[in-house]
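Asker: Here is a sequence together with a model predicted from it:
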Amino acid sequence: MIKSNEMLPRERVLAILNHKKADICAAITPTSVVTNECIRAIGVSAPGIHTTSSDMAALAATAYTVLGFDTVMPYFSVHLEAEMLGCEIDWKSANMPIILKHPIKDPEEFSRPKNLLAKPLSRQLISAIKQLKSKLGNKVAIIGKVMGPWSLMYNLYGVGNLLIDTVIEPEKIKAFIHELLPIPIEFANAQFEAGADIVTWADHVTADTISPQIYEEFILPAHIEANKRFSSDQKIILHTCGNVMDRLHLIKKSGFEVFHLDSRNNLAKAAEIAGNDLILTGAINNPMTLLSGNKTQIKNEVKHNISAGISLVAPECAIPFNVSNQSLVTLVKTVHSYRYYDRSKH
Amino acid sequence: MMSEKMINAVFPILREYADLFNISIDVFDASGVFIKTTEIISNSHLTTQIKNSRSSHEVNELVENGEKKYYCVIPISNNKDIGYIVPYSENASSIKTQSAAIKIAIDSFVQNFAISFSDESLTNGFNPLHKQLVYHLLKGTQNQELISKMIQLCNLDASLSYLPVVIDCSFKTNDYFNINLNLGYSATLEKSRIQIEEVLSGNKYLNSQDVLAQYTETTYIILKSFLQVSNSSRIYTAMDLICQNLINGLSKIELLDVRVAYGSLSKSIYDIRSSYREAMSLLTTGKSEMPNQHFYNIEELAFSSICQTLPVMLVNKVVIPKLQLLQKEYPSSYLDMLTTAKTYAECCMNYSKTSAELGIHRNTLTKRLENFCTTTKLDIINNYKDCVLATLMEKYQSLELAKLDKNKGVFND
């Protein structure tokens, strides 16, 4: 039997991802856990925290050094690829960056640029990952991030236009997805090469915008195709905000091994659907629990998540910057107080 | 029995109370079988005790693993027992008060949203809260706070724009009454209703921000959500396709006759009522003018729609007086003359096409048009605007016909 806290954070996370024994449950960061307190503590600010590798790495490291998470993740926004592909971005916004202008008026206008990895923002993220690898060695797992083709279309074309086109111009949208798909695949591979242990693949295919049939028709084929391009060592976490209960059975078919879900989902039912084939991570509520809740509420929610079968506990999505470090530390400490229980064996 | 909808609706409330009082709460179905707990693991084996419990105020004792626990049994019901809630505590003195508080909260919740938990809605494919929301939005309820609360409970984003789709369903009836046939027909109707809900809630163009509800016995309402876009005409293009898709799905249902229309995009869900009226107006006009069609869009019913909202002065100063002149001069044939004028306009003021369309000789056509011009002082032969006015007159007359004294056929101001 493995004793509590016997494993290094990276070992723990990778063990759980590989369905092996771990000592305790892990607290991870597939999405941003940046706080104003950490930003002030290390003396960084926007836009550097999004666009400068040293700032990105320094801030990402605080997830482990200050907050105690088992992972670090240096890509806090969802906008790096958006700018590389032509979006006008306000990087200096008080919280997360804002897209000021969508470059695409018609999906047929889009042409995939060559040498995306040579673009400045791409190199900054790769460099940040390398710096984290160098600084934290094999102690802590490093999570990279890419935006999937559906989320890229949101950024490039606009959500409203995209959703309308799934009705009136479906073939154009399918062609657009096909054109975009190599981008996150290439970017993810580059991040793995730089030292990332895991990559979050963010694709916002939530029930709030599309039906499960639209997911199945438009995006699932792309997800299946993407997962064929990664090896079994390359762990990808699919992240989707919002309610996904009606499409979780489809997500299970996509090939993603890990799914990051939010608190709006019925966790017990999600775990039942996921079974042993899909590892769930999440799903601590941000606005009610982490931002506004007290220690007891955080502890109770962690308990509920673990009892539902989640051993990789995380905030449900990028946290608001004004979440307190104390809330996150409470989250991490509570998670670490639970022994890991391999449900796949029972 | 306790439905999954009911459990999912009340469980967050139970969790809040469990956390607040630092107790655990179990949920059992009507047979006393354990369903769910607020704890990680429940060791409850209370089936017999629950069924034998007489009152929710009664404090019961349980010994598990050498530890004493105290509990009350709260029935949760909607005019019949359908489940039990059992709070546990190590503190005998507080469990009764805590259980009473939980009972008040659950009773209040079930009562306020009773329709959500009625027998009918427990098997309904739609979110039962949507029905209440649609009712209050379309009836023009002034209680904005209640509507806001419902929007919140439905997890809807109130900043989205909404557009109402009205789906009018009628069931084809059998002209022959036969008790055996009738019994089979009722079962088919019930099956069809369930299929309607399945088709609508399974439509690929609808998402969780859309509202679906059965509004009346024969009418279903969809409030379709959209994000604002710079070119709103694309939304209407999409809606035409969505409605056609809905009709395609519904047309496969046995015995069902379906008519669909939608209203204009409302920037706020709170203001959806006027759009709903537009949709109903299109539906009513469409069913009257094009009874064999299933989808009524504004392009095909443009003239009728315009005629229903003509300026009062135009109606009183031009339309009615000229109709009266025509009727007075040609009491037995004024309807033919109006039809002739309308057809002439529809045939782009072409004599050959008009006479072919009406099946009359060109000379007859010429005579009718000349008589029309002379009587009404509208030069429809040479003037396009007068032609349009004549068409408006014809459309107005056909819409207003039901208001006339049919025996006298007299227009009234």
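Answerer: Here it is on my side, so go on. Numbers count the residues shown, from 1 in each chain, chains lettered A, B, ... in the order given.
Asker: For A:Ser127, which non-adjacent residue is spatially closest?
Answerer: A:Ser53 (3.7 Å; C-beta to C-beta, 6 or more residues apart in numbering or on different chains). Bear in mind the C-beta positions are built from the backbone N, C-alpha and C, glycine included.
Asker: so who does that neighbour touch?
Answerer: Shown in contact with A:Ser53 (C-beta atoms under 8 Å, 6 or more residues apart in numbering or on different chains): A:Pro74, A:Arg123, A:Gln124, A:Leu125, A:Ile126, A:Ser127, A:Ala128, A:Gln131.
Asker: now it: how far from A:Val34?
Answerer: Remark: distance between A:Ser53 and A:Val34 (C-beta to C-beta, to the nearest Å) = 16 Å.
Asker: With A:Asp262 instead?
Answerer: Distance from A:Asp262 to A:Val34, counting by C-beta to C-beta: 18 Å.
Asker: Of these two, which one has the most company?
Answerer: The residue with more neighbours, out of A:Asp262 and A:Val34, is A:Val34; 26 against 21, by other C-beta atoms under 10 Å in any protein chain shown.
Asker: hang on, that one packs against A:Val323?
Answerer: No. Between A:Val34 and A:Val323 there is no contact under C-beta atoms under 8 Å: 9.1 Å.
Asker: circling back to that earlier point, between the contacts of A:Ser53, identify the one with the most neighbours.
Answerer: Of these, with other C-beta under 10 Å as the count, A:Pro74 tops at 31 neighbours.
Asker: got the buried residues for stretch A:316-323?
Answerer: Within stretch A:316-323, the residues scored as buried using 16 or more other C-beta atoms under 10 Å in any protein chain shown are A:Glu316, A:Cys317, A:Ala318, A:Ile319, A:Pro320, A:Phe321, A:Val323.
Asker: sorry, back to before: can you pull the phi/psi pair for the residue nearest to A:Ser127?
Answerer: phi -60, psi -40 (degrees, to the nearest 10).
Asker: And it, how close does it get to chain B?
Answerer: Relative to chain B, A:Ser53 is positioned 35 Å away (C-beta to the nearest C-beta, to the nearest Å).
Asker: what's near enough to touch residue 209?
Answerer: Since no chain was named, I'll use chain A. With C-beta under 8 Å, 6+ apart, A:Thr209 has these contacts: A:Val159, A:Leu163, B:Asn207, B:Gln209.
Asker: if you could check chain B rather than the one you did, that'd help
Answerer: A:Asp208, A:Thr209, B:Leu156, B:Asp157, B:Leu160, B:Ser225 are the contacts of B:Gln209 under C-beta under 8 Å, 6+ apart.
Asker: which residue sits closest to the fourth one, ignoring its sequence neighbours?
Answerer: Closest residue to B:Asp157 apart from its sequence neighbours, by C-beta to C-beta, 6+ apart: B:Gln209 at 5.9 Å.
Asker: swap in the third one?
Answerer: Spatial nearest neighbour of B:Leu156, chain neighbours left out: B:Gln209 (5.9 Å); criterion: C-beta to C-beta, 6+ apart.
Asker: what about the one you found, which SS state?
Answerer: coil (DSSP: H, G, I helix; E, B strand; the rest coil).
Asker: what does A:Val205 give?
Answerer: Criterion first, three-state DSSP; result for A:Val205: coil.
Asker: Surely it touches A:Trp150?
Answerer: Yes. Counting by C-beta under 8 Å, A:Trp150 is a contact partner of A:Val205 at 5.6 Å.
Asker: which parts of stretch B:386-399 are buried?
Answerer: Using 16+ other C-beta under 10 Å as the test for burial, stretch B:386-399 gives B:386-387, B:389-399.
Asker: The residues you listed also near chain A: which ones?
Answerer: Taking C-beta under 8 Å from any C-beta of the partner chain as the test, chain A is in contact with none of the buried residues of stretch B:386-399.
Asker: With respect to per-residue confidence, which of those residues is lowest?
Answerer: Across the set of the buried residues of stretch B:386-399, B:Leu399 stands lowest in pLDDT, at 80.
Asker: related to what we said a few turns ago, out of the contacts of A:Ser53, list just those in helices.
Answerer: Among the contacts of A:Ser53, the ones falling in helices (DSSP state H) are A:Arg123, A:Gln124, A:Leu125, A:Ile126, A:Ser127, A:Ala128, A:Gln131.
Asker: Closest one of the residues you listed to chain B?
Answerer: A:Leu125 (29.3 Å; C-beta to the nearest C-beta).
Asker: Let's see the pLDDT reported for that closest one.
Answerer: A:Leu125 is given a pLDDT of 98.
Asker: My guess is it contacts A:Met56. True?
Answerer: Yes. Shown here, A:Leu125 and A:Met56 form a contact pair, counting by C-beta under 8 Å, at 7.0 Å.
Asker: Can you check which residues contact both of these two?
Answerer: The contact sets of A:Leu125 and A:Met56 overlap at A:Pro74, A:Tyr75 (C-beta under 8 Å, 6+ apart).
Asker: Pull the most distant pair out of the contacts of B:Gln209.
Answerer: Distance extremes for the contacts of B:Gln209: the farthest pair is A:Thr209 and B:Leu156 at 13.1 Å, using C-beta to C-beta.
Asker: Would you map the strands across chain A?
Answerer: Counting by DSSP state E, chain A has strands at residues A:26-27, A:71-72, A:88-90, A:98-101, A:141-147, A:198-202, A:235-239, A:258-260, A:279-284, A:312-315.
Asker: so what strands line up beside the third one?
Answerer: Listed by DSSP bridges, the sheet partners of strand A:88-90 and their directions read strand A:98-101 (antiparallel).
Asker: which parts of the strand it pairs with are buried?
Answerer: Quick answer for strand A:98-101 (16+ other C-beta under 10 Å): A:Ile99.
Asker: Check what contacts that strand and list those residues.
Answerer: If you take C-beta under 8 Å, 6+ apart as the criterion, strand A:98-101 is touched by A:His79, A:Ala82, A:Cys87, A:Glu88, A:Ile89, A:Asp90, A:Asn155.
Asker: now the residues you listed in JSON lines, with pLDDT and neighbour count?
Answerer: Converted to JSON lines, the contacts of strand A:98-101 look like this (pLDDT from 0 to 100; neighbours: other C-beta atoms under 10 Å in any protein chain shown):
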{"residue": "A:His79", "pLDDT": "95", "neighbour count": "22"}
{"residue": "A:Ala82", "pLDDT": "95", "neighbour count": "23"}
{"residue": "A:Cys87", "pLDDT": "94", "neighbour count": "19"}
{"residue": "A:Glu88", "pLDDT": "93", "neighbour count": "12"}
{"residue": "A:Ile89", "pLDDT": "93", "neighbour count": "21"}
{"residue": "A:Asp90", "pLDDT": "93", "neighbour count": "13"}
{"residue": "A:Asn155", "pLDDT": "95", "neighbour count": "22"}
